[in-house]
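1. A structural model of the following input is requested.
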Amino acid sequence: MGNTKSYYAVIFTNTRTNLDDGYAEMAQQMEDLARLQPGFIDFESARDEIGISISYWETLDDIAKWKANVSHKFAQDRGKKDWYTWYKTRICLVEREYEFVKSEAE
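-> Below you'll find the model as predicted:
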């Protein structure tokens, strides 16, 4: 990301049901669709005992528009019905970032 100005992170943590029935496909569709939205910056996710997906956005308004997206609303409803036993969404202001990247010479 390498961004020096503040931005927002939407952190979605969840536990899944045993039903897969199109989950991976829907998750990929939602990531692809989010990447097309105004203000989208990046996306990261991991799954083990809990799932963690983080999307990064320029403004709170961009996040609100993504939450209200018709296709995203459909995926949210399907998640509540079929895929999640629990989830929590957190919206955080990222004021600073730094990273480490190991060079091939090391």
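2. all strands of this structure, in order?
-> Using DSSP state E, the strands assigned to the chain run over residues 7-16, 40-47, 51-57, 84-94.
3. got the angle for the longest one vs strand 51-57?
-> Note on geometry: by axes from the mean of the first three to the mean of the last three C-alpha atoms, to 10 degrees, strand 84-94 and strand 51-57 are set 40 degrees apart in direction.
4. coming back round to it: tell me which of the strands of the chain is the most buried.
-> strand 51-57 (a mean of 20; mean count of other C-beta atoms under 10 Å). (Glycine included, C-beta is placed from N, CA and C.)
5. which other helices and strands contact that strand?
-> Packing contacts for strand 51-57, counted by 3 or more C-beta pairs under 8 Å, 6 or more residues apart in numbering; DSSP states H and E, involve strand 7-16, strand 40-47, helix 60-68.
6. can you do 10 Å?
-> Judged by 3 or more C-beta pairs under 10 Å, 6 or more residues apart in numbering; DSSP states H and E, strand 51-57 is in contact with strand 7-16, helix 23-35, strand 40-47, helix 60-68, strand 84-94.
7. And the contacts of the longest one?
-> Contacts with helix 23-35, where a contact means C-beta atoms under 10 Å, 6 or more residues apart in numbering, come from 10, 16-17, 22, 40-43, 45, 47, 51, 53, 55-57, 66, 69, 71-72, 74-76, 78-79, 82-84.
8. Buried residues, it. List them.
-> Neighbour counts over helix 23-35 (16 or more other C-beta atoms under 10 Å) mark 23, 26, 27, 30, 34 as buried.
9. How much space separates the fourth one from residue 105?
-> If you measure residue 30 against residue 105 using C-beta to C-beta, to the nearest Å, the figure is 39 Å.
10. what's the offset of stretch 15-35 from the middle of its chain?
-> Relative to the centre of its chain, stretch 15-35 is centred 11 Å away, using C-alpha atoms, centre = their mean, to the nearest Å.
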